[in-house]
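Asker: Give the three-dimensional model of this entry:
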Amino acid sequence: MGTTQLESVPEPKYWHLRTVLSEALDSEFSVGEILPNERDLAARFGVARATLRQALEQLELEGRLQRRRGVGTTVAPPRVGVAVGTGQHAWPGTDDDAWEPADCDLAAPPASVADALGTGREEPVHTVRRSRVSQGRPVAAELLYVPPAAVPGLTAIDAPSGPARARAVLRELQHGTLERRESAVELGSAGADDAKEFDRLPGAPVLVVTTRYLAEGRTAALSVATYRADTCRLTFGDSGDVEIHDGPQTRAS
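Answerer: This is a model prediction of the structure:
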């Protein structure tokens, strides 16, 4: 039996243009700068506008570009690094925490969350809502579930609701002794609420990072953080927090 070889497949025009445009973004444009219109770009690179659109869409999927209503296509800021590790022992809400508290209420969580916390499925827990912004755009939203037993000193007098209540829950949580934190990451799709907050279409890819904070042998808090997949990249190491990488991105082999 003879052997066959795969024929060489030429690189699609839009993919080659994507590479050229990516190099131009690095050398000629700054973060937030508006790109020239499609007609001018197509003329500059000598391609059809349909080919240009394919290349721009690919760069948008990769998080290099973002399209803003009423503004145009702009150069996106560097991706947020989502660090996955267990080395850092810190409660959410510390001074160097980049998350912004938005609201807090007391309600029964989803059944899966109740099971992870070890609470009854009808037992209300504190649900802290926080958001993360990078370069003026929302890149992540978090639901932090805290059972009342983990914040025994919290009273309604601290703050009735809103961001002040959220900060009160976070402050009280930090009085405990954190033993460790465990994180898991999975790829998901944006629901209606996340899509609206991120200004994306429902079903857009997202990274879902679930973190358990353990103290005294039990789960003292559970975080479910949703990140725009086109603005984030996973980093691995001992750091357990989310960091902004403002410098050039590096590639790991």
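Asker: For the residue lying closest to A140 once chain neighbours are set aside, list the residues it contacts.
Answerer: In space, and not counting its chain neighbours, A140 is closest to R132: 3.8 Å by Cβ to Cβ, 6 or more residues apart in numbering. To be clear about C-beta, it is placed using only N, CA and C from the backbone, and glycine gets the same treatment. Neighbouring residues of R132 by Cβ atoms under 8 Å, 6 or more residues apart in numbering: 80, 98-100, 138-142, 225, 227, 242.
Asker: okay if I get those as a markdown table plus distance to G191 and neighbour count?
Answerer: Putting the contacts of R132 into a markdown table (distance: Cβ to Cβ, whole Å; neighbours: other Cβ atoms under 10 Å) gives the following:
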| residue | distance to G191 | neighbour count |
| --- | --- | --- |
| V80 | 20 | 25 |
| A98 | 23 | 14 |
| W99 | 20 | 23 |
| E100 | 21 | 14 |
| P138 | 15 | 17 |
| V139 | 16 | 24 |
| A140 | 14 | 26 |
| A141 | 11 | 22 |
| E142 | 14 | 22 |
| A225 | 14 | 23 |
| Y227 | 14 | 27 |
| V242 | 21 | 22 |
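Asker: From these, which one has the minimum pLDDT?
Answerer: Lowest pLDDT within the contacts of R132 is found at V242 (43).
Asker: All the helices of the protein, residue numbers only.
Answerer: 13-28, 38-45, 49-61, 111-117, 162-173, 192-198 (DSSP state H).
Asker: Would you indicate which residues of the longest one are buried?
Answerer: By 16 or more other Cβ atoms under 10 Å, the buried positions in helix 13-28 come out as 14, 17-18, 21-22, 25.
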